[in-house]
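*Asks:* Return a 3D structure for these sequence lines:
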Amino acid sequence: MLKTRMIIGLFLIVGAFSACKKDSYDAEKQAKIDDGLIVDFIAKNSIVAVKHSSGLYYQILSPGTGNTVINSSTNVTVNYEGRLLNGNVFDKSAAAATFPLGNLIQGWQIGIPLIQKGGRIRLIIPSAMAYGNTSPSSSIPANSVLDFTIDLIGAQ
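*Replies:* Next comes the predicted model:
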């Protein structure tokens, strides 16, 4: 009986301390960290990039042609390669892939409409516009800035 009470007491104490644990994630602080990492990365690699009002950095390698309005309901067909800032490739399309733009990370939703069919863009995406403070896989740590090169093959 005493042993049971001690175990229940221990669970209550552990539960109380876990409930008091505060999330230390600070989005504003992380945005400043990401921006510093991106500015340093761009300088070290001599990348001519533009900072979008959202905080995304991009480099239009080829604008493409046409005047298609690309928005969240557009299906985009792309070839892409995603890297961490240390150069590690975490994803690469083996063949053209089609996605509804609205289902993709915010960085893509902002960046892809900056080009047209046949265009190529490099997106350097702050963590908040990618996966934030979560890790979607073992190859992408939480709070990762992502570096994508995307070829827009089509948009419908």
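
*Asks:* Pull the residues that contact stretch 134-147.
*Replies:* 30, 33-34, 37-38, 41, 82-85, 88, 90-91, 105, 107, 122-127, 130-133 (Cβ atoms under 8 Å, 6 or more residues apart in numbering). For every residue, glycine as well, the C-beta is placed using N, CA and C.

*Asks:* so how far is N79 from the residue sitting nearest the centre point of the chain?
*Replies:* Closest to where the C-alpha atoms of the chain average out (Cα atoms, centre = their mean) is A130, at 1.8 Å. According to Cβ to Cβ, to the nearest Å, A130 stands 19 Å off from N79.

*Asks:* Next: S138.
*Replies:* S138 is 24 Å from N79, by Cβ to Cβ.

*Asks:* quick one: which of those two has more around it?
*Replies:* Neighbours per residue, other Cβ atoms under 10 Å: of S138 and N79, the larger number sits with N79, 16 against 7.

*Asks:* so when I look at that one, I'm seeing a strand, right?
*Replies:* Yes. Applying DSSP: H, G, I helix; E, B strand; the rest coil, one finds N79 inside a strand.

*Asks:* ok, it touching I153?
*Replies:* Yes. Assessed by Cβ atoms under 8 Å, N79 is found in contact with I153 at 6.5 Å.

*Asks:* shared neighbours, these two?
*Replies:* A96.

*Asks:* rewinding a little: so what's the residue nearest to the centre of the chain up against?
*Replies:* Contacts of A130 were listed using Cβ under 8 Å, 6+ apart, and they are 105-107, 140, 144-146.

*Asks:* Could you measure from it over to R83?
*Replies:* Taking Cβ to Cβ, one finds A130 at 12 Å from R83.
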